[in-house]
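[1] What follows is a predicted structure for the sequence shown.
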Amino acid sequence: MAGTLNCSPLQDAFARRDFAALEAMCRQNPEHAPSHLFAGIALFDCGRYAEALPCFEAVLRLQQYNDLAAAYRALVMLASGRDEEGVEVLRTRGFADNQQFLVRLTEWVETQWLESGRYFEPRPLDLEPAPAGSRRVAERRASTAFHRRDWRSVVSALDHHVRQPNADPNAVYAAALAAEMLRDNERALAYLSYLSADLDGAAEAGAGPLPDIIRAARARNLVRLRHFRQAAEDLSRVLITGPEDFGVNYFLGVLCLAAGQRDRARDMFARAYRDYLVDTLEYQFAALKTALLGRE
């Protein structure tokens, strides 16, 4: 590529948010795409969206298939109030898989929710009655729908059965997770209460603690209902021992944002997308994409 530049000075200027140096690099090396990209990201971080947009457009003039620049361009549009244009770019070009982009996108979307209720405000489901059948038939139907990520069909199939005495805990949890993904957080908590009440009682009787997966699910829904203190208590008691964190780091990031701890929030989001990437993409990021693009 013409105008090759040693990235060390560029990265140093980016880390220091030295806008004069970044602007000079872009001017002196107009065909060096990373200079424009780094400058745009630095400007975005400082809320200088009108100045950031031309930087990403310069990258795309040089590298039309640069998905990271396209994704940042969309994010700047969203942050500038050009929602329809930004969403259309994301629908057309997709979401870049760059960790730091995902962190910045998540921080922006979650801040929008905290400040104005956009994207994740709870909404009650208007369910159609499920076809008649036995509990086994309903659970089989729900299992098929779960694998398709057809959350509405999961809830519809299981709603009646999980409310009955001696319901299968796995079915109850599946219904709660599906309701959560559809943003009916009150319903999800109601389902979880069938499990948590029994299990909390068992814990008091010395039968062991509330399973972490249920405690984390309860916390996630409490966050969306803005019961931050209760959610924090649950999240602080979840023990993460495997490749899944049940959304703990992501939602700790949301709680940090709510407390005004933006740097700490970024650390938690980064951990979610780094150490628990598959789990985060499967659920938290999937919910973010659905909310942002307006598609179930």
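    Arrived safely, thanks for sending.

[2] Contact partners for Cys26?
    Neighbouring residues of Cys26 by Cβ atoms under 8 Å, 6 or more residues apart in numbering: His32, Ser35, His36, Ala39, Cys55, Ala58. To be clear about C-beta, it is placed using only N, CA and C from the backbone, and glycine gets the same treatment.

[3] what about the third one, which SS state?
    If I follow you right, that is His36. helix (DSSP: H, G, I helix; E, B strand; the rest coil).

[4] i'd like the first residue to be 355 from this point on
    Okay, using 355 as the starting number, the last item reads as His390.

[5] circling back: highest neighbour count among the contacts of Cys380?
    Sorting the contacts of Cys380 by how many neighbours each has (other Cβ atoms under 10 Å) puts Ser389 first, at 28 neighbours.

[6] Now Gln418: which helix or strand?
    Using DSSP states H and E, Gln418 maps to neither a helix nor a strand.

[7] scratch that, Glu482 is what I was asking about
    Using DSSP H and E, Glu482 falls outside every helix and strand.

[8] picking up where we left off before, need the contacts of Cys380 in JSON lines (columns: pLDDT and distance to Phe474).
    As requested, the contacts of Cys380 are exported to JSON lines (pLDDT from 0 to 100; distance: Cβ to Cβ, whole Å):
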{"residue": "His386", "pLDDT": "88", "distance to Phe474": "39"}
{"residue": "Ser389", "pLDDT": "87", "distance to Phe474": "36"}
{"residue": "His390", "pLDDT": "88", "distance to Phe474": "33"}
{"residue": "Ala393", "pLDDT": "89", "distance to Phe474": "31"}
{"residue": "Cys409", "pLDDT": "91", "distance to Phe474": "30"}
{"residue": "Ala412", "pLDDT": "93", "distance to Phe474": "33"}
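
[9] Just flag the most distant two among the residues you listed.
    The most widely separated members of these, counting by Cβ to Cβ, are His386 and Cys409 (11.9 Å).

[10] what residue ranges in this structure score low on pLDDT?
    For the chain, the stretches with pLDDT under 70 are 355-361, 483-486, 551-564, 649-650.

[11] if I pick Arg625, what's in contact with it?
    Asn603.

[12] and the helix or strand hosting it, which residues are buried?
    Using DSSP H and E, Arg625 falls within helix 616-629. Neighbour counts over helix 616-629 (16 or more other Cβ atoms under 10 Å) mark Ala619, Arg620, Asp621, Met622, Phe623, Ala624, Arg625, Ala626, Tyr627 as buried.

[13] Closest one to Glu405 out of these, please.
    Distance ranking of the buried residues of helix 616-629 against Glu405, using Cβ to Cβ, places Arg620 first at 21.7 Å.

[14] The closest one against Trp462, yeah?
    No - with contacts counted by Cβ atoms under 8 Å, Arg620 stays clear of Trp462, the gap being 11.3 Å.
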